[in-house]
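> Mind folding the following:
(chains A, B, C and D)
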2 protein chains.
Amino acid sequence: MAISTRYSDAIHIMAFIYIYQNTKLSSENIAKSVMTSPVVVRRIMSALQKAALIKTTHGSPNPVLAKDAANITLLDIYLAVENDKPLFTVDHKTNPQCIVGSQIQGILTQHYHEVQSAALGRLERITLQDIIDEIITNYKSGKDD
Amino acid sequence: MAISTRYSDAIHIMAFIYIYQNTKLSSENIAKSVMTSPVVVRRIMSALQKAALIKTTHGSPNPVLAKDAANITLLDIYLAVENDKPLFTVDHKTNPQCIVGSQIQGILTQHYHEVQSAALGRLERITLQDIIDEIITNYKSGKDD
DNA sequence: TATCTTGTAACTTGCTTAGTTACAATTACT
DNA sequence: AGTAATTGTAACTAAGCAAGTTACAAGATA
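You can find the predicted model right below:
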């Protein structure tokens, strides 16, 4: 199965906190933009907070980014909400008596690791600031989606 | 969620067909190596057959690779069993009234596409022959896993 | 003909995510 | 101080997907 919308929602929330920083940033208001429930938003924000990407205050609706948006990458956000979950899964139950079954796990583990590094390396090159800039630019130029 | 073991099992099956081509390649025997049920093996092989990576005969246990192993990439196998399933999922339910909600889908779609291309591009560089060679080499050098 | 095998459908089970309900702890306003 | 709003988290429900199982018609093989 593909990565859940949790990751996309986390990026959405981070951009929202920046762009709407002068409004009331309650989980309820954020949830209206993400179109989900406030609890789901708080759940994601809890992960972002634990990864030190945002700062929140218990009881008070005023989350802020913990660092400059230019210093937060999409990889940071990915790791915050998905940990280091593999994109590809090795089958760990194969027959050790068989030439293929005994070797395939180790071989695929290595190759998958390389592929995943390539993907995450790309995420690392994109910053939250890039996303925010694109949102503003596209919005001003009247893109509907 | 990550890609299921179906993909790993598909690579396993392809390598098995090559390495054990002089034995009886029934779905039951293949299943013993993958340690799953014959039906699961046949299901995967059905996808590989539809993608023209192997040739099978209804009723007869003699599957063969449809082309040279050096001309089959891990990307071919991936596309055969997972189609073009996205590794990352855009949340398609966001608020169009909101600056962020109205723009984020399109922006993430683009970036995800680039990241996915990077990953699949890596898979394309690895051939089934590479995997087979590594299996044989590691097996001969006595690797347990 | 008799037996084995493939290919596929239908069902069950288990896992993961998203959404919901509930509530204690904290903040903030008056 | 007291009240209302909010966060943070746990527990539960519901939906979606993969994998395993059962069953069986259609084709191969000897």
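> A:Arg122 contacts B:Glu114, correct?
Yes: counting by CB atoms under 8 Å, A:Arg122 does reach B:Glu114; the two are 6.3 Å apart. For every residue, glycine as well, the C-beta is placed using N, CA and C.
> Out of these two, name the residue with the larger neighbour count.
Of the pair A:Arg122 and B:Glu114, A:Arg122 is the one with more neighbours under other CB atoms under 10 Å in any protein chain shown, namely 19 against 14.
> and the more buried one, what is it in contact with?
Residues near A:Arg122 by CB atoms under 8 Å, 6 or more residues apart in numbering or on different chains: B:Glu114, B:Val115, B:Ala118.
> A:His92 too?
Residues near A:His92 by CB under 8 Å, 6+ apart: A:Gln105.
> doesn't it fall inside a strand?
No: using DSSP: H, G, I helix; E, B strand; the rest coil, the assignment for A:His92 is coil, not a strand.
> shaky segments in chain A?
Across chain A, the ranges flagged by pLDDT under 70 are A:1-3, A:143-145.
> List the buried residues of the helix or strand where A:Gln116 lies.
Assigned by DSSP states H and E, A:Gln116 falls within helix A:99-125. Using 16 or more other CB atoms under 10 Å in any protein chain shown as the test for burial, helix A:99-125 gives A:99-105, A:107-108, A:111-112, A:115-116, A:118-120, A:122-123.
> Any idea how far the longest strand belonging to chain A is from the middle of the chain?
If you go by DSSP state E, chain A has its longest strand at strand A:60-65. For strand A:60-65, the gap between its own C-alpha mean and the chain's C-alpha mean amounts to 19 Å (CA atoms, centre = their mean, to the nearest Å).
> Does anything pack onto it? Which helices or strands?
Counting contacts by 3 or more CB pairs under 8 Å, 6 or more residues apart in numbering or on different chains; DSSP states H and E, strand A:60-65 is packed against helix A:5-19, strand A:54-57.
> Please repeat the previous calculation with a cut-off of 10 Å.
helix A:5-19, helix A:27-34, helix A:38-50, strand A:54-57 (3 or more CB pairs under 10 Å, 6 or more residues apart in numbering or on different chains; DSSP states H and E).
> quick check, the shortest one touching DNA strand C?
Yes: with CB under 7 Å from any atom of the strand as the criterion, DNA strand C is reached by strand A:54-57 at A:Thr57.
> Quickly check: that strand near DNA strand D or not.
Yes: using CB under 7 Å from any atom of the strand, strand A:54-57 reaches DNA strand D at A:Thr56, A:Thr57.
> List the strands paired with that strand, with their directions.
According to DSSP bridges, strand A:54-57 forms sheet pairs with strand A:60-65 (antiparallel).
> Just the CA trace of stretch A:45-58, in CSV.
What follows is stretch A:45-58, C-alpha atoms only, in CSV (Å, rounded to 0.1, in the frame of the first residue of the first chain):
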residue,chain,number,x,y,z
MET,A,45,0.8,17.9,15.0
SER,A,46,1.8,15.8,17.9
ALA,A,47,4.3,13.9,15.7
LEU,A,48,5.6,17.2,14.2
GLN,A,49,6.1,18.6,17.7
LYS,A,50,8.0,15.5,18.8
ALA,A,51,10.3,15.9,15.8
ALA,A,52,10.9,19.5,16.8
LEU,A,53,9.5,20.9,13.6
ILE,A,54,6.8,23.0,15.4
LYS,A,55,6.2,24.3,18.8
THR,A,56,2.8,23.9,20.4
THR,A,57,1.3,24.9,23.8
HIS,A,58,-1.1,22.7,25.6
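> Cool, thanks, talk later.
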